[in-house]
Structures are given as C-alpha cells and as structure tokens.
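> got a predicted model here, sequence first, then my questions.
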Amino acid sequence: MLWVCGAVYLLVLAFLGWAIWRSRHQTGTAPQDHHMRAGLLTWALIITAGIGTLATASFLVDRALAAARQEDALIIRITAHQWWWRITYLDPASGAWIETANELHLPLGQTARLELAASDVIHSFWVPNLSGKLDVIPGRRNVLDITPQRVGWYRGQCAEFCGLQHALMGLDVRVAPAEEFAAWLATQAAPAAEPPDTVLARGRDLFTSGPCAACHTVRGTGAAGQAGPDLTHFGARRTLAASTLTNNRGNLQGWIVNPEALKPGTLMPATELTPEDADALARYLAWLR
Ligand code: HEC
Ligand SMILES: [Cu+2]
C-alpha cells in the first residue's frame, strides 16, 4: 500500500510541477493566470494535508491493533477441510486443547484469536456479521482476531471455491455471554458418557467396531479416527455436515446410510447397515451431548 500509493503520489506531484514549470516558461502565447496558479497550489496543499492525515491515522490505528493483539485472547485453531471445519480451543482453565467441529462458540466481548489453517486446498473463513473474510491457505497460519459485540447465532461460509461441495461448507457460530460459553466449553472438554440402555450401547458398539471409528473420534470410547469431524458431543450441534441440514434423527440416519445423496461429493462414504443398526447408530449419535 505504502509503496504503491507513494509512487502514484510522487508521479502526480511530478506532473503538477511540470505543468507549473511549463506555464511559467510559456510567456507570450498564454496569458499569465495568477488565479489558476494560486488555485493549483491550494489544491496541492489540501491533498498533501489529506493524505498526510490518512497516513498518520492508519499508522496509529495499526499500532493500536498490534498492541491489542498482545492482551489475553482466547486461542482457537480452525482447520478447513473439504468440506467441513475442525475447531480446537485452548482451554484457558486447563491449558488443554479441546476439539469439536462445524460449530464455533465465542464468548461475548472477549477477543478470540482464530488461527486458521487448511489441510488440503485454499479455503476462506467468512462470518459476514462478525468480521471480514480471511483466506485459509495450506502451509500457513493466518490469524483473525474477533471481538463479538452481540449475543446470537451467526452464519459462516467458506468464501473461496474449494471443490464440489464448496457451497455446502457452512459454519454455525454462537456468541454467548461469558458464563454460558465457559459452561459450554466445560461440557465439550468432557469425554462421552457411558450409554445408559441397550439400544444406545448397541449404537456405541456399532460405531466403535465399524468403519466409523476409522475416521471419527468419540473421546471416552475406542474411536479415535482423524479423517472426519470429532463427534464426542455431536448431538448438541444444531446442524449436520457443516450447516447442510438440521441436526435431527431423520436427517442423521439418512446421512449415515447415504451421505452422498445429501451432500454430493462428500468425502464420507456410505455404510451399508440394516435399518435397526442405522437407527441404533443415529440414536447413539443424537444422544452424545
Ligand atoms: C472415510 C472416512 C469416514 C467414514 C468411514 C465415516 N465418516 Fe462420517 N464423516 C467423514 C467426513 C470427511 C465427514 C465430513 C463430511 C462433510 O461435511 O462434507 C463426516 C461427517 C460425519 C457426520 C457429520 C458431522 C458434523 O459435524 O456435522 C456424522 C454424524 C458422521 N460423519 C457419522 C459417521 C458414522 C456414523 C459413520 C459410520 C457408519 C461414519 N461417519 C463413517 C468421514 C467418514
Ligand atoms: Cu472451503
């Protein structure tokens, strides 16, 4: 910015100087116009003052922003995948990393430092009503500071074409008062509970023994896959598959049996299951809160 604008500015001044010089040496033909010269000089002064003010203001604001970065921010790592978001919080209470996916929770009025990474291609993180967008680039960690000012739900969206399901790479964002956020983070930190009845236990066993466990983690069980979203508290999420569908048992069962039908191109394969097994799995996942 500085170099480009500086060069353009010098160029404009050079033209101005040349015009003044030429008018001074064109005696004889053109009538001397002192009014015009005074007008030009006035404009040059106004422009210099304007640009000087802008440059100083931008310098001071940048310094203030850089200083604000040093205060205690909540650290959140967000990794963009085709076509979902991995989200890990650095828990200020315990110092541990807590993983979840596709639903970002932020405390009201506190600065959250989002460290954005990509695992495959270039994505772009964008929650229009909270902040500007920032590219998410493999091999880089881009940092976005957000200080939310209003409680509510916000919709985020990947804003850089990243493949077939780019349009269905959404993100739900919840801004909550500090106590509510702390309580939420504490539930997320806990491992999954022990299923209280036989149907849920059957769902859990199907999950941990089937292909699901190769790609998904449910903390507190043997499932520790990393290819897909962490499902430890999946039942508490509002939506399914990166804000594609409402999270209810019908959609969930449909998703488990044939994700391709709901989100064509998704990297989660279909799993063949009897209706009873699909039902038990969906009940188990919906119960994980
Ligand atoms: C080959 C890896 C793989 C296997 C096997 C797999 N999944 Fe997935 N799963 C994924 C990926 C990748 C996504 C993200 C899909 C997307 O949103 O595009 C996903 C998404 C999900 C979601 C939505 C999560 C969210 O945050 O919205 C659920 C629920 C889910 N899988 C359940 C299952 C179950 C149950 C099984 C076993 C029957 C299973 N998955 C098998 C990779 C896998
Ligand atoms: Cu994307």
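Received, thanks. Ligands and ions are numbered 1, 2, ... in the order given.
> next to ligand 1, which bits of the stretch 51-200 of the chain? Give me the list.
Taking C-beta under 6 Å from any ligand atom, the part of the stretch 51-200 of the chain that reaches ligand 1 is made up of 83, 84, 101, 102, 165. (Glycine included, C-beta is placed from N, CA and C.)
> just the ones in strands from these, please.
Among these, the members found in strands (DSSP state E) are 84, 101.
> from the residues of the stretch 51-200 of the chain next to ligand 1, which are also near ligand 2?
Checked against ligand 2 using C-beta under 5 Å from the ion, these give no members in range.
> select only the buried ones of the residues of the stretch 51-200 of the chain next to ligand 1 in ChimeraX?
Applied in ChimeraX, the following selects the buried portion of these according to 16 or more other C-beta atoms under 10 Å:
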select :83,84,101,102,165
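> just the closest of the residues of the stretch 51-200 of the chain next to ligand 1 to residue 61, please.
Nearest to residue 61 among these, counting by C-beta to C-beta, is residue 102 at 33.8 Å.
> what's the local residue count around the closest residue to the closest one other than its chain neighbours?
Distances taken as C-beta to C-beta, 6 or more residues apart in numbering place residue 242 nearest to residue 102, at 5.0 Å, with adjacent residues excluded. Residue 242 has 25 neighbours, counted by other C-beta atoms under 10 Å.
> thought residue 242 was touching residue 83?
Yes: Residue 242 lies in contact with residue 83 (C-beta atoms under 8 Å); the separation is 5.9 Å.
> between those two, what contacts are shared?
Taking C-beta atoms under 8 Å, 6 or more residues apart in numbering as the criterion, residue 242 and residue 83 both touch 168, 169.
> list the contacts for the residue nearest the centre of the chain?
The centroid of the chain falls nearest to residue 125 when counting by C-alpha atoms, centre = their mean (3.6 Å). Residue 125 sits next to 78, 80, 114, 116, 133-136, 144, 156, 158-159, 171 when contact means C-beta under 8 Å, 6+ apart.
> also residue 178?
Contact analysis of residue 178 by C-beta under 8 Å, 6+ apart lists 107, 108, 109, 110.
> hmm, back to that, closest one to residue 14 out of the contacts of residue 125, please.
Nearest member of the contacts of residue 125 to residue 14, counting by C-beta to C-beta, is residue 135, at 36.1 Å.
> give me the neighbour count for residue 98.
21.
> for residue 264, that is, sorry about that
Residue 264: 10 neighbours (other C-beta under 10 Å).
> with adjacent residues omitted, what lies nearest to residue 129?
Residue 129 sits nearest to residue 154 (C-beta to C-beta, 6+ apart), 5.2 Å away.
> what of residue 237?
residue 103 (4.9 Å).
> residues in contact with that neighbour?
87, 171, 172, 173, 174, 237, 238, 239.
> 10 Å instead?
For residue 103, the contacting residues are 85, 87, 153, 156, 171-174, 184, 188, 229, 233-234, 236-239, 242-243, 247, by C-beta atoms under 10 Å, 6 or more residues apart in numbering.
> cool, and residue 167?
Residue 167 neighbours (C-beta under 10 Å, 6+ apart): 83, 157, 158, 161, 244, 263.
> from residue 171, how far off is the fourth one?
The gap separating residue 161 from residue 171 is 16 Å, by C-beta to C-beta, to the nearest Å.
> quick one: pLDDT of residue 29?
We have a pLDDT of 56 for residue 29.
> neighbours around residue 112, how many?
Neighbours of residue 112 using other C-beta under 10 Å come to 21.
> now it: phi and psi?
The phi/psi pair for residue 112 (degrees, to the nearest 10) reads phi -110, psi 130.
> contacts only, for it.
Each residue near residue 112 by C-beta under 10 Å, 6+ apart is listed here: 73-76, 89, 104-106, 130, 144-148, 175, 181.
> before we move on, what about residue 282?
203, 248, 249, 250, 251, 252, 253, 254, 255, 256, 257, 273.
> again, 8 Å this time
Remark: with contacts taken as C-beta under 8 Å, 6+ apart, residue 282 is in contact with 203, 249, 252, 253, 256.
> for the fourth one, which non-adjacent residue is spatially closest?
When the adjacent residues along the chain are set aside, residue 253 lies closest to residue 282, with 4.1 Å between them (C-beta to C-beta, 6+ apart).
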